[in-house]
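> Sequence and predicted structure, then a few things I'm wondering about:
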Amino acid sequence: MVIRKPQIPPPLSNLFKEFGHPDKLTKLLMSVPSEYMARHYLHWDKLRYLKPPKGLSVQEWWLALKLQRLGQLRQIPLGDRVGEFFRFFVPDLVLEELHNIDCGAGGSLRVPEPINNPQTRDQYLIRSLMEEAITSSQLEGAVTTREVAKELIRTGRAPRDKSERMILNNYITMRHIVDIKDQKMTPDLVLELHRMVTDKTLDDPEMAGRLRRPDQKIVVDDIEGEIYHQPPSALELEERLQTMCDFANEKTPSYFIHPVVRAIILHFWLAYDHPFVDGNGRTARALFYWAMLHHGFWLFEFISISAILRKAPVKYARSFLYTESDSNDLTYFLVAQTQVIRRAIVELHAYIDRKTAEVMELESKVRALRMFNHRQAELIRHALKHPYQEYTIESHRKSHDVVYQTARTDLVQLHTENILNMEKRGKTMVFRVPLDLASRLRKLGQEKSK
C-alpha cells in the first residue's frame, strides 16, 4: 500500500510574521464562519485546495482556523520523539458521533432483538469475533479468503500458513478480551495480548510478548522505502508503556475524557509508540476493544471496526499522518475513528436486519425449520446457501459455543431426519449437505403437518 504523505502545514511563526498584526488577526477570526469549525476539521493538505472565505487567502484562512483550534486543544501525557505532547479537542462533529455511539452501543436504545435473545445471541457473537479476527489480520497482510478463514476457526484444524495463524490468533485474542474486560490494564496484560496475536507468526518467535530492543531499528514505511513514522527509542518503552496504562485506567489526565475518546487515543498511542517488532496494529485494535468493553460499551462484542478500516486502509493510515504532521493534533484521528465506529454500528444493525429478513423468508417457505432448535435451524439456513458444505461436531460446537454432546445431538438428529448425509472419516463423523436439501425440507414439512 503506497500512501502519499500529506503536505506539512506552513509554520505558524511564518504566518504570524505575515498576518500577525493584532487588528488583522481580529479581522481574520471574524471572517471564518463558526459553523465551519463545528462541521469540518480539515488538514492543510486538503484545505489548501479549497476556496477560502471571501477576502481571505488560503494562508490567512488556515491561520484563523489554527487560532480557533489552539484555544481548545487539551494536552495528554503522550509525548512524541522530541518531547512535544499530543493534544486534542472534541469538535461538534465528534460530539454528534459520540452521542450516536452512546445510544447505539452503550445504552438500551434500539438493541437488536437477536442480540437480546439468549437463543441467538451467541451466533452473532461468534460471527463478530470471526469478522474482526479476519479483517484485522488482513489489514496487517494476511492473505486468505473469508470462507477458508471461517472454516479454519469452525473446524479447529491447525493453521496451514502464517496468514491462517494470524487469523486464529486474533480470534483467540478477541475471545480473551471479552473475558478480561473488567480487569485493569497493566504492562503485563499488554505484553500478553501481543504474545497472543503474534504467537508463531514472527521471524523471531522469542519477540512475541516482548518489547523491541534498542538494536532493533523499527520504522513504518512502504514497499518503496518511504518512511511515514519513526517511533520513540526502545530505551523509553517501559516507561511509556506504564504511562499508557495509567491513561487507560483513567489515572491521567486530571480532566474528564469521554470513554470512547479515551479508547480511540489508546488505539493511537500504542500504534504511535510501536513498541513491538511486529503486530502493533493488531495489538492497538485489541486495546481499543478492551477499552470499549471495559467502559460498558457491551455492543462492541458484536462490532468489527477492522471490517470498516479494511475498506479504506489509506484513509486509516492518513489519519495517523495528519495528526503527526500538524503539531500532534489528535483531533484528526478522533474524527476519523468516531466515523468508523458509527459506520460499524450501522453495519451491525443492517446485517441483523438483513439476516432477520432472510430467516423470515426461509421460515415462511420451509415449515420444517420450525421442527428444529435455533442452532439446527441456523445450520440448515447456512446449508441451503452452501450446497457442498461439510459439518463436523467440532465445527458446529465452535460456531455456537456449546458443549460436545449438544453439538453431537444436533447433527445426529439432522441426519436421522434425513436433512444431512453422514459418513465416517477415520474417527470423525462428517455431515454433508445433500444437493436436494430444499426438497427434503419441504417433504418433511408436509409430512409433519399431516
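It's in.
> check which helix or strand covers the closest residue to residue 7 other than its chain neighbours.
Computed as Cβ to Cβ, 6 or more residues apart in numbering, the closest residue to residue 7 that is not its neighbour in sequence is residue 45, at 4.9 Å. (C-beta placed from N, C-alpha, C; glycine too.) If you go by DSSP states H and E, residue 45 is part of helix 44-47.
> Other residues contacting the helix or strand just after that helix?
Per DSSP H and E, the first helix or strand lying C-terminal to helix 44-47 is helix 58-70. For helix 58-70, contacts defined as Cβ atoms under 8 Å, 6 or more residues apart in numbering pick out 9-10, 12, 15-16, 18-19, 25, 28-29, 31-32, 37, 42, 44, 47-48, 50, 52-53, 56, 89, 329, 331.
> What distance do you get for residue 212 to residue 97?
Residue 212 is 34 Å from residue 97, where distance means Cβ to Cβ, to the nearest Å.
> same check, this time on residue 383
With distances taken as Cβ to Cβ, residue 383 is found 40 Å from residue 97.
> and the next element down the chain from the top helix by length along the chain?
Longest helix in the chain by number of residues, with DSSP state H as the criterion: helix 331-365. Downstream of helix 331-365, the first helix or strand assigned by DSSP H and E is helix 374-385.
> Just checking: what are the partner strands of the next helix or strand after that following helix?
Later in the chain than helix 374-385, the nearest helix or strand by DSSP H and E is strand 390-392. With DSSP bridges as the test, strand 390-392 is paired with strand 428-432 (antiparallel).
> and the helix or strand following the strand it pairs with, which residues are buried?
Following strand 428-432 in sequence order, the next helix or strand is helix 437-449 (DSSP H and E). For helix 437-449, burial by neighbour count (16 or more other Cβ atoms under 10 Å) applies to 437, 438, 440, 441, 444, 445.
> likewise stretch 133-147?
For stretch 133-147, using 16+ other Cβ under 10 Å, the buried residues are 133, 134, 135, 136, 137, 138, 139, 140, 142, 144.
> residues in contact with the third one?
The neighbours of residue 135, taking Cβ under 8 Å, 6+ apart as the test, are 304, 306, 307, 309, 310.
> Now the buried members of those.
304, 306, 307, 309, 310.
> Show the contacting residues for the fourth one.
Residue 309 makes contact with 135, 139, 316, 340, according to Cβ under 8 Å, 6+ apart.
> ok, 7 Å please
Residues in contact with residue 309 (Cβ atoms under 7 Å, 6 or more residues apart in numbering) are 139, 316, 340.
> Check the last one too.
Under the criterion of Cβ under 7 Å, 6+ apart, the neighbours of residue 310 are 135, 138, 139.
> before we move on, what about the first one?
With contacts defined as Cβ under 7 Å, 6+ apart, residue 304 is in contact with 128, 131, 132, 135, 344.
> For those, pick the one with the most neighbours.
Counting neighbours by other Cβ atoms under 10 Å, the top entry in those is residue 132, with 27 neighbours.
> which SS class is that residue?
At residue 132 the chain is in helix, as set by DSSP: H, G, I helix; E, B strand; the rest coil.
> So for the residue nearest the centre of the chain, what's the pLDDT?
Nearest to the geometric centre of the chain sits residue 305, at 2.8 Å (Cα atoms, centre = their mean). For residue 305, the model assigns a pLDDT of 89.
> Now it: closest residue in space, sequence neighbours ignored.
residue 344 (5.1 Å).
> Tell me who's in contact with the one you found.
303, 304, 305, 307, 308.
> How about residue 285?
Contacts for residue 285 (Cβ under 7 Å, 6+ apart) come out as 136, 267, 305, 306.
> Check those against residue 85 and report the nearest one.
residue 267 (17.8 Å; Cβ to Cβ).
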